[in-house]
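> got a sequence here, can you build the structure:
(one chain, ligands or ions: 2)
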Amino acid sequence: MTKQILSILTLSLFISIQAIAQQIVSPDKSIQLNFSLNEEGVPTYQMSFKDKEVIKTSRLGFQIKEDDQDLKNGFTVVNSENSTFDETWKPVWGEESEIRNHYNELLVSLIQEPSQRIMNIRFRVFNDGVGFRYEFPEQPNLGHFVIEKELTQFAMTNDHTAFWIPGDYDTQEYDYIESRLSEIRDLMTNSITSNLSQTSFSPTGIQTSLLLKTDDGLYINLHEAALIDYSTMHLELDDKNFVFNAWLTPDVQGSGPYMMAPARTPWRTIIVSDDATDILASRMTYNLNEPSKIEDTSWIKPMKYVGVWWEMITGKSSWAYTDDLKAVKLGVTDYTKTKPNGKHGANTKHVKELIDFASEHGFDGVLVEGWNEGWEDWFGHSKDYVFDFVTPYPDFDLEGIETYAKNKGVEMIMHHETSSSVRNYERHLDQAYQFMKDHGYNAVKSGYVGDILPRGENHYSQWMVNHYQYAVEKAADYKIMVNAHEAVRPTGIARTYPNLIANESARGTEYQAFGGSKANHVTVLPFTRLIGGPMDYTPGIFEMDLSKLNPDNNSHVNSTIANQLALYVTMYSPLQMAADLPENYNRFLDAFQFIKDVGLDWEKSVYLEAEPGSYITIARKEKGTNDWFVGNVNGKKDRVSEISLDFLDKGKKYIATIYSDGKDANYKTNPQSYNVKKMTVSSTSKLKLKSVEGGGYAISIMEVK
Ligand code: NOJ
Ligand code: CA
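Numbering: from 1, shown residues only. Ligands and ions are numbered 1, 2, ... in the order given. So this is what the prediction gives:
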């Protein structure tokens, strides 16, 4: 009897000790995560890397709409489970052919008193970081609930340097600002450059994926993984204490996500290392997503493409067919009665020329924008029924182009600009995808320019997150690959739906035609935006003076030609555009050769050197060949990059073709100065190459057989 009481006592003592703090470490023991409940039963966590604190004790939980107790305190631990997982999986496309998913897991089950509600928190600790999410199992006392505020914090240890863009419910198309956390408030107003749809929310509100650098040499990335059926997370900084608070994108009524148990949140992610190249090499975001739900993935193929695009972005030609119409009513407006404006890009003759160019130079596809009726009146009036996605302009011979492309072995990519009339897009989606299949289009570029309809919704609210997901899943039913622009930034969902082959969701090359981007922009993107998935950055611009394309455009592309070539390696994407016009490639055929040669899908990637905002150098081995490609993008000042080719197979000989900045290259005044040099190399070779500000180099290394 006494023995029994004793063991019950020991057990409860054991439980209450367990309830105070629990620790897990990464498989290599470099990362430590502590979970604990404070005296009020508030769940908290704390994290360190190689004995340096990364996240100070930070609270977890939720404020719930119309709820007395919220889900923030009064918790006790009812159970906790530790486990280990180690598996290697093969992505359909990617930076390497195999990805190891190795972590230690802690699942803490909490019960709240007196509500008797259960909330579980699942932590996964990898060698490269930590992911955690909240789970709400099916239970008697929690069914439907609306999250008013997610109380998750990320408490920083100091006034770190951050590479940030303004928090916004509608766009990520901003230049990155590099500053101390304490400087964000003062810099915010000037950092909010204009966009057709934007909603900022706080002078210290910023977006993820966020990169931080500490004074003692740590690189930290904060983001989320598997954003499904939830609102997009921003971060609001308490700049007195350097604590980031989660800030969820509200819906039209100002509410957070609508939940129904069983439910779970996306993963909150913290990637950390003392070496910047490890951040680029991290696959944690993908690993936190579910395996592919598409069984037969044979139709999903990386693509290199050209298109009817840059000419409209620069204003050389137009999406619209006519300048006669002030308003367009599809089905009522008769285009045959209008006068063509003479500069409509997507006309049959021009599209066929591009198909010829693609076929001559070995490109997989041609994108057509402005092929369908409605562009005369596509944004700005909160118009519901904009496009029907099935009616070509009179000068676009859909069938003729289809046959022509097929005969030339070129795939066509269709553009669906929704102009953010999401209701209209969903109304047409099945018909539009079927129409694509009927006419041989296996990939769609979708777009969400302007304010969302239904009116008042935000690009990154739960409702819209669900729409993007719906479109990707529906596309998979039709075996269609998706490249969504202006959609929510990716969170590794392409692991589960590999037909999501790219997104824009950041400031892409188009901004080089709208006033220019910072010369070091591309040395930041791989540390931030690309953490969640590939970007359709649309590189390959050779003519930087855009007044040569359109006398009314005085914008300048802030990059050298060698930098543009390097982007095919440094900005990983299975979808890569050669964005400039054929006539500009024909002027620089020796440089264009790199774009033709460069791989798209990789066996492995070696991250040679990197510093956010300053430089990135990556080497990648093409899948199915022994060829390697190296890219270096250089940010703020001239720099000599020294690399060793020891990643090459020992004992083999290779021919390297080096495309580097010319001696007198300058991204503003002399961007077209470059050198092309061939040499024999092996695994013992070392290279020393100078890159200018906004410059870089690209190397193709082909095995001599
Ligand atoms: C913005 C997209 O990013 C761009 O690529 C597209 O051409 C325009 N919208 C028009 O849809
Ligand atoms: Ca865009």
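> tell me which element T277 falls in.
Taking DSSP states H and E as the criterion, T277 maps to helix 276-281.
> and the residue of the stretch 251-400 of the chain closest to ligand 2?
As assessed by C-beta to the ion, ligand 2 sits closest to I313 within the stretch 251-400 of the chain, at 9.5 Å. In this view, the C-beta of every residue, glycine as well, is placed from N, C-alpha and C.
> correct me, but Y286 touches T496?
No - taking C-beta atoms under 8 Å as the definition, Y286 is not a contact partner of T496, at 9.3 Å.
> looking at the two, which is more packed in?
Remark: of Y286 and T496, Y286 carries more neighbours, 24 against 19, as counted by other C-beta atoms under 10 Å.
> how is that one assigned, secondary-structure-wise?
helix (DSSP: H, G, I helix; E, B strand; the rest coil).
> from here on, count from 740
In the new numbering, first residue 740, that becomes Y1025.
> if we can go back for a sec, how about the contacts made by the residue of the stretch 990-1139 of the chain closest to ligand 2?
Contacts for I1052 (C-beta atoms under 8 Å, 6 or more residues apart in numbering) come out as E1249, A1252.
> relative to ligand 1, how far out is it?
6 Å (C-beta to the nearest ligand atom, to the nearest Å).
> per-residue confidence for that residue?
For I1052, the model assigns a pLDDT of 98.
> which SSE is D825 in?
Going by DSSP H and E, D825 is in strand 814-828.
> restricting to C-alpha, output the helix or strand that that strand is followed by in CSV.
Sequence-wise, the next helix or strand downstream of strand 814-828 (DSSP H and E) is strand 838-851. C-alpha atoms of strand 838-851 as CSV (Å, rounded to 0.1, in the frame of the first residue of the first chain):
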residue,chain,number,x,y,z
ILE,A,838,17.4,15.3,-49.6
ARG,A,839,18.0,14.0,-46.1
ASN,A,840,15.2,14.7,-43.6
HIS,A,841,16.7,14.0,-40.2
TYR,A,842,15.4,15.4,-37.0
ASN,A,843,14.6,14.8,-33.3
GLU,A,844,11.0,15.5,-32.4
LEU,A,845,9.3,16.6,-29.2
LEU,A,846,5.5,16.5,-29.1
VAL,A,847,4.1,18.2,-26.0
SER,A,848,0.4,17.8,-25.2
LEU,A,849,-1.0,20.6,-23.1
ILE,A,850,-4.4,20.8,-21.4
GLN,A,851,-5.8,24.1,-20.4
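> strand partners (parallel or antiparallel) of strand 838-851?
strand 814-828 (antiparallel), strand 856-865 (antiparallel) (DSSP bridges).
> mean pLDDT, distance to I1033 and mean neighbour count added to the ones you listed, as TSV?
Below are the strands paired with strand 838-851 laid out as TSV (pLDDT from 0 to 100; distance: least, C-beta to C-beta, whole Å; neighbours: other C-beta atoms under 10 Å):
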stretch	mean pLDDT	distance to I1033	mean neighbour count
strand 814-828	97	14	14
strand 856-865	98	24	22
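> pLDDT at the residue in the stretch 1090-1239 of the chain that ligand 2 sits nearest to, what is it?
Residue nearest to ligand 2 within the stretch 1090-1239 of the chain (C-beta to the ion): H1224, separated by 4.8 Å. pLDDT, H1224: 98.
> just list whatever residues bridge to it.
Applying DSSP bridges to H1224 gives these bridge partners: G1186.
> need the contact list for it.
Counting by C-beta under 8 Å, 6+ apart, H1224 makes contact with K1184, S1185, G1186, Y1187, V1188, N1242, E1243, S1244, G1247, D1275.
> the strands paired with strand 838-851: which one's closest to ligand 1?
When those are compared by C-beta to the nearest ligand atom, strand 814-828 sits nearest ligand 1, at 31.5 Å.
> could you pick out the residues of the stretch 1240-1389 of the chain near ligand 1 for me?
When proximity is defined as C-beta under 6 Å from any ligand atom, the stretch 1240-1389 of the chain approaches ligand 1 at E1243, E1249.
> now the chain
Residues of the chain lying near ligand 1 (C-beta under 6 Å from any ligand atom): W1048, E1108, E1156, G1186, V1188, H1224, E1243, E1249.
> would you turn those into JSON lines with secondary structure?
Converted to JSON lines, the residues of the chain next to ligand 1 look like this (three-state DSSP):
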{"residue": "W1048", "secondary structure": "coil"}
{"residue": "E1108", "secondary structure": "coil"}
{"residue": "E1156", "secondary structure": "strand"}
{"residue": "G1186", "secondary structure": "strand"}
{"residue": "V1188", "secondary structure": "coil"}
{"residue": "H1224", "secondary structure": "strand"}
{"residue": "E1243", "secondary structure": "coil"}
{"residue": "E1249", "secondary structure": "helix"}
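> ok so Q1170 is a helix residue?
Yes - looking at Q1170 with three-state DSSP, it is inside a helix.
> if we can go back for a sec, of the strands paired with strand 838-851, which approaches I838 most closely?
Closest to I838 of the strands paired with strand 838-851, according to C-beta to C-beta: strand 814-828, at 5.6 Å.
> residues contacting the closest one, please?
In contact with strand 814-828 (C-beta under 8 Å, 6+ apart) are residues 754, 757-758, 761, 763, 766, 776, 780-782, 837-852, 857-858, 863, 1030.
> and the buried ones among those residues, selectable in ChimeraX?
Only the buried entries of the contacts of strand 814-828 go into this ChimeraX selection, using 16 or more other C-beta atoms under 10 Å:
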select :758,761,763,766,776,780,781,782,838,840,841,842,843,844,845,847,848,849,850,851,857,858,863
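> and the strands in the stretch 1290-1439 of the chain?
Using DSSP state E, counting those that start in this stretch, the strands of the stretch 1290-1439 of the chain run over residues 1314-1316, 1341-1350, 1354-1361, 1367-1373, 1378-1383, 1393-1400, 1413-1420, 1425-1430, 1435-1442.
> ok, which of those comes nearest N984?
Closest among the strands of the stretch 1290-1439 of the chain, using C-beta to C-beta: strand 1341-1350, at 28.9 Å.
> pull out the buried residues from the closest one.
W1341, E1342, S1344, V1345, Y1346, L1347, E1348, A1349, E1350.
> count the neighbours of the nearest residue to T1075 once chain neighbours are set aside for me.
Nearest non-adjacent residue to T1075, counting by C-beta to C-beta, 6 or more residues apart in numbering: P1133, 5.9 Å away. For P1133, the number of neighbouring residues by other C-beta under 10 Å comes to 15.
> same thing with T1142?
By other C-beta under 10 Å, 11 other residues sit near T1142.
> three-state assignment of it?
Following three-state DSSP, T1142 is assigned to helix.
> which element follows the lowest-mean-pLDDT helix or strand in the chain toward the C-terminus?
Every helix and strand in the chain was compared by mean pLDDT, DSSP states H and E; the lowest is helix 741-759, with a mean of 41. Beyond helix 741-759 on the C-terminal side, the first helix or strand identified by DSSP H and E is strand 760-764.
> many thanks, I have nothing further to ask.
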